[in-house]
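Trainee: here's a sequence, model it:
(one chain, ligands or ions: 1)
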Amino acid sequence: MLTSDDLCSLRWDATAGTVAIIDQTLLPHTLRWCHLDSLEAFCHAIASMQVRGAPLIGVTAAFGLANALSRDPSSNNLEVARAALLATRPTAVNLHWALRRVVHEVADLPPEQRADRALDCARRLREEDITSCSRIGERGLELLRALPVEGRLNIMTHCNAGWLATIQWGTALAPIYKAHAAGMPVHVWVSETRPRNQGTNLTAWELQRAGVPCTVVADNSCAELMRRGQVDCVLVGSDRTAANGDVCNKVGTCLKALAAREYGVPFYVALPLSTVDMDCPTGGDIPIEERDAAEVLAVAGLDAAGENLEVNLAGAGTRAFNPAFDITPAALVSALVTERGVVSASQDGLSVLLQG
Ligand code: MRU
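Mentor: Residues are numbered from 1 along each chain as shown. This is a model prediction of the structure:
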């Protein structure tokens with residue numbers, strides 16, 4: 001069952017008073033839970049991508065701020081901890097959104113009440129994320145059912161927008177899990193998502209555990225699959241969606257949208273409204289994270305004996321550049337699938353939802 005505690009990415013242990021996360025840098029070969037119990041541990045978990053995916057980053061940061069306040073609830077520490085968490089990763093707006101929610105609730109309280117309220121807020125954000133993703137799943141399922149496809153439905157996704165990227169369900173994978181549970185014959189094309197391979201390492205792992213048929217493909221093969229008519233729709237997540245509907249997601253997303261436009265394949269983006277940034281007028285205003293070039297030049301995996309191994313791909317002295325996200329123009333997006341409904345990728349579409 002998808003809603004079991006087993007299939008969640010972050011647990012709050014009320015008895016121990018600690019947060020446990022799955023260390024996603026070890027997947028798919030090792031499933032290890034780690035406890036986070038200091039501001040440094042929370043910041044490290046986000047920056048090193050032990051936790052990743054926009055909604056999960058936000059919820060983790062909220063618990064991190066609560067943890068910092070449990071040690072020192074002063075206004076000075078509130079600001080220091082907030083700034084440290086905000087500095088971990090620049091692109092996913094959920095980080096700002098979640099920290100703003102916690103700060104808003106605690107800033108005017110007497111210091112001795114702040115830690116409890118912050119923890120309460122973090123726990124609510126966690127629950128809200130589960131509800132939002134489940135609703136995204138239901139809205140997205142309606143879209144999938146409406147596609148004019150007989151027999152197996154082939155859905156292409158990119159990166160990981162499943163329960164590992166949220167708390168449960170995921171965003172782009174939520175409709176797929178609901179469709180599978182409803183008995184629809186779905187198959188997922190998982191693009192590997194170089195350089196960190198979230199598709200191969202995380203999405204394929206999630207889907208296999210849930211029994212959803214899937215096939216990993218090299219990122220570069222996606223247009224060819226569409227040309228052959230082997231893709232019925234593309235369904236991806238978002239790290240930040242601008243006010244005009246431009247979508248920022250894992251690098252490589254825009255190439256899929258361009259190919260989808262060329263071959264007449266619907267291109268859907270699933271996101272909770274916490275991922276919308278009305279302060280960014282267009283995608284060009286979204287900060288794009290640049291990660292270590294070493295991620296492009298090496299790959300990690302297991303050797304024949306099952307030991308962890310990192311292999312250099314490039315010759316000594318090779319230079320690389322590693323933007324982690326890209327912008328898909330709103331005009332290439334067939335629809336945005338949110339917890340409040342399916343809308344056009346446009347200022348009008350988003351405004352209706354945000355006012356509702
Ligand atoms: O760098 P990552 O792994 O944090 O990037 C994650 C993505 O790009 C996801 O597609 C996005 O966060 C949407 S997840 C619900």
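
Trainee: where along the protein do the helices fall?
Mentor: Ranges of helices in the chain, per DSSP state H, are 39-47, 54-71, 75-86, 94-106, 111-146, 173-181, 198, 204-210, 222-227, 253-263, 294-297, 347-355.

Trainee: and those as JSON lines, adding mean pLDDT, mean neighbour count and distance to the ligand?
Mentor: Every residue, glycine included, has its C-beta placed from N, CA and C. Formatted as JSON lines, those follow (pLDDT from 0 to 100; neighbours: other C-beta atoms under 10 Å; distance: least, C-beta to the nearest ligand atom, whole Å):
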{"stretch": "helix 39-47", "mean pLDDT": "98", "mean neighbour count": "19", "distance to the ligand": "9"}
{"stretch": "helix 54-71", "mean pLDDT": "98", "mean neighbour count": "26", "distance to the ligand": "4"}
{"stretch": "helix 75-86", "mean pLDDT": "98", "mean neighbour count": "16", "distance to the ligand": "15"}
{"stretch": "helix 94-106", "mean pLDDT": "98", "mean neighbour count": "21", "distance to the ligand": "8"}
{"stretch": "helix 111-146", "mean pLDDT": "98", "mean neighbour count": "19", "distance to the ligand": "8"}
{"stretch": "helix 173-181", "mean pLDDT": "98", "mean neighbour count": "25", "distance to the ligand": "8"}
{"stretch": "helix 198", "mean pLDDT": "98", "mean neighbour count": "27", "distance to the ligand": "5"}
{"stretch": "helix 204-210", "mean pLDDT": "98", "mean neighbour count": "20", "distance to the ligand": "12"}
{"stretch": "helix 222-227", "mean pLDDT": "98", "mean neighbour count": "18", "distance to the ligand": "15"}
{"stretch": "helix 253-263", "mean pLDDT": "98", "mean neighbour count": "20", "distance to the ligand": "8"}
{"stretch": "helix 294-297", "mean pLDDT": "97", "mean neighbour count": "16", "distance to the ligand": "10"}
{"stretch": "helix 347-355", "mean pLDDT": "94", "mean neighbour count": "14", "distance to the ligand": "17"}
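
Trainee: compare these and report which one is nearest to Leu26.
Mentor: Leu26 sits nearest to helix 204-210 of all the helices of the chain, at 10.9 Å, using C-beta to C-beta.

Trainee: and the closest one, what does it pack against?
Mentor: Counting contacts by 3 or more C-beta pairs under 8 Å, 6 or more residues apart in numbering; DSSP states H and E, helix 204-210 packs against helix 173-181, strand 186-191, strand 214-217.

Trainee: which part of the stretch 1-150 of the chain gets nearest to the ligand, residue-wise?
Mentor: Distance from the ligand to each residue of the stretch 1-150 of the chain (C-beta to the nearest ligand atom) is smallest for Arg52, at 3.3 Å.

Trainee: need the contact list for the closest residue to that residue other than its chain neighbours.
Mentor: With sequence-adjacent residues excluded and distances taken as C-beta to C-beta, 6 or more residues apart in numbering, Arg52 is closest to Gln24, at 6.1 Å. Listed by C-beta atoms under 8 Å, 6 or more residues apart in numbering, the contact set of Gln24 reads Ser9, Met49, Gln50, Val51, Arg52, Leu164, Leu202.

Trainee: swap in 10 Å and give it another go.
Mentor: 9, 31-32, 45, 48-53, 56, 160, 164-165, 196, 198, 201-202, 205 (C-beta atoms under 10 Å, 6 or more residues apart in numbering).

Trainee: could you do Arg340 as well?
Mentor: By C-beta under 10 Å, 6+ apart, the residues touching Arg340 are Ser132, Arg135, Ile136, Arg139, Pro272, Leu273, Val352, Leu353, Leu354, Gly356.

Trainee: excluding its backbone neighbours, what's nearest whichever residue of the chain sits closest to the ligand?
Mentor: Of all residues in the chain, Gly237 sits closest to the ligand, at 2.6 Å by C-beta to the nearest ligand atom. Distance criterion C-beta to C-beta, 6+ apart; nearest residue to Gly237, sequence neighbours excluded, is Ala161 at 3.0 Å.

Trainee: over to Leu332?
Mentor: Spatially, and ignoring its direct neighbours in sequence, Leu332 is nearest to Ala257 (3.9 Å; C-beta to C-beta, 6+ apart).

Trainee: quick revisit: of the helices of the chain, which approaches Gly306 most closely?
Mentor: Of all these, helix 204-210 comes closest under C-beta to C-beta, at 16.4 Å.

Trainee: and the contacts of the closest one?
Mentor: 1-2, 6-7, 24, 27-29, 31, 157, 160-165, 170, 173, 176-177, 180-181, 186-188, 190, 192, 197-199, 212-216.

Trainee: just the buried ones from these?
Mentor: 2, 7, 24, 27-28, 157, 160-165, 170, 173, 176-177, 180, 186-188, 190, 192, 197-199, 212, 214, 216 (16 or more other C-beta atoms under 10 Å).

Trainee: okay if I get the helices and strands packed on helix 204-210 as a markdown table plus distance to Lys250?
Mentor: Output for those, formatted as a markdown table (distance: least, C-beta to C-beta, whole Å):
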| stretch | distance to Lys250 |
| --- | --- |
| helix 173-181 | 14 |
| strand 186-191 | 9 |
| strand 214-217 | 15 |
